[in-house]
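Novice: have a look; sequence and predicted model below, questions after that.
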Amino acid sequence: MSFRKQVFDFYRAVVSEKSLKIILVVVFVLFIFLLLKNVFIILLLLVIGAISLLHNIFTRNTIGFELCIFATVFCAINFGAGAGIFVGIFSVLIGFMLSGNVDEGILLILIVFILIGFFASMFSFENIFIVGLVATIVYDIIIVGFYILMGSSPIKNISYFLTHVLLNYYIFKYLPAVFAGII
């Protein structure tokens, strides 16, 4: 066998082996990405929810802006009750801790987020707008009622309720399409 033929055979063997390795690595990376994509989205929504509560450092719950309910409902509908409950509980806990807003209502808030995550998981993505609004209104009735019973300012709570429902109307109207595009 000639030297040239040996070089050519060696080159073909190396190229096919390299090609096979590259293909295997690409398939493995794609598999890992597809496997972890949902985990990444869940963690991203948890972080977004927690960060959305940082304004409470300055506003002290007079403005009802937060993305924790959205993150909870979105994750519950798309990834199941466990993901929704996980995102709800930890986005609220982390957000409240970072904003220094942990008070006597935290346990009730966590229970309501568990219920939101559980019930939202029973619906499809097509219902996210109505599920999100119902979750917001039920959450507000329970939490605002609790804080008023505990002696908190009714004016502050009404302000929170009105802005929270209004803002969540727009959040659930426009944000699901943005995140659905990521999935």
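Specialist: The structure has been received and is ready for your questions. Residues are numbered from 1 along each chain as shown.

Novice: quick check: phi and psi at residue 63.
Specialist: Per-residue torsions, residue 63: phi -110, psi 130 (degrees, to the nearest 10).

Novice: distance of it from residue 133?
Specialist: 18 Å (CB to CB, to the nearest Å). In short, each C-beta sits where N, CA and C put it, glycine included.

Novice: one more: residue 46?
Specialist: 22 Å.

Novice: and the longest helix for this protein?
Specialist: helix 3-51 (DSSP state H).

Novice: the more surrounded of residue 46 and residue 133?
Specialist: Comparing residue 46 with residue 133 by other CB atoms under 10 Å, the one with more neighbours is residue 46, at 24 against 18.

Novice: my guess is the more buried one contacts residue 89. True?
Specialist: No: with contact defined as CB atoms under 8 Å, residue 46 does not count as touching residue 89 (9.4 Å).

Novice: ok, the residue nearest to the spatial centre of the chain - contacts?
Specialist: The residue lying closest to the centre of the chain (CA atoms, centre = their mean) is residue 45, at 2.7 Å. Residues counted as contacts of residue 45 (CB atoms under 8 Å, 6 or more residues apart in numbering) are 67, 70-71, 74-75, 87, 91, 179.

Novice: and of those residues, the nearest to residue 156?
Specialist: residue 67 (20.8 Å; CB to CB).

Novice: from residue 25, how far off is the closest residue in space to that closest one that isn't next to it in sequence?
Specialist: Leaving aside its chain neighbours, residue 67 sits nearest to residue 52 (3.9 Å; criterion: CB to CB, 6 or more residues apart in numbering). Relative to residue 25, residue 52 is positioned 38 Å away (CB to CB).

Novice: quick one: which of those two has more around it?
Specialist: Neighbour tally, residue 52 and residue 25, criterion other CB under 10 Å: the higher count belongs to residue 52, 19 against 10.

Novice: what's in contact with stretch 70-85?
Specialist: Residues contacting stretch 70-85 (CB under 8 Å, 6+ apart): 38, 41-42, 45-46, 48-49, 86-88, 91, 113-114, 116-121, 123-125, 127-128, 131-132, 135, 168, 171-172, 175-176, 179, 183.
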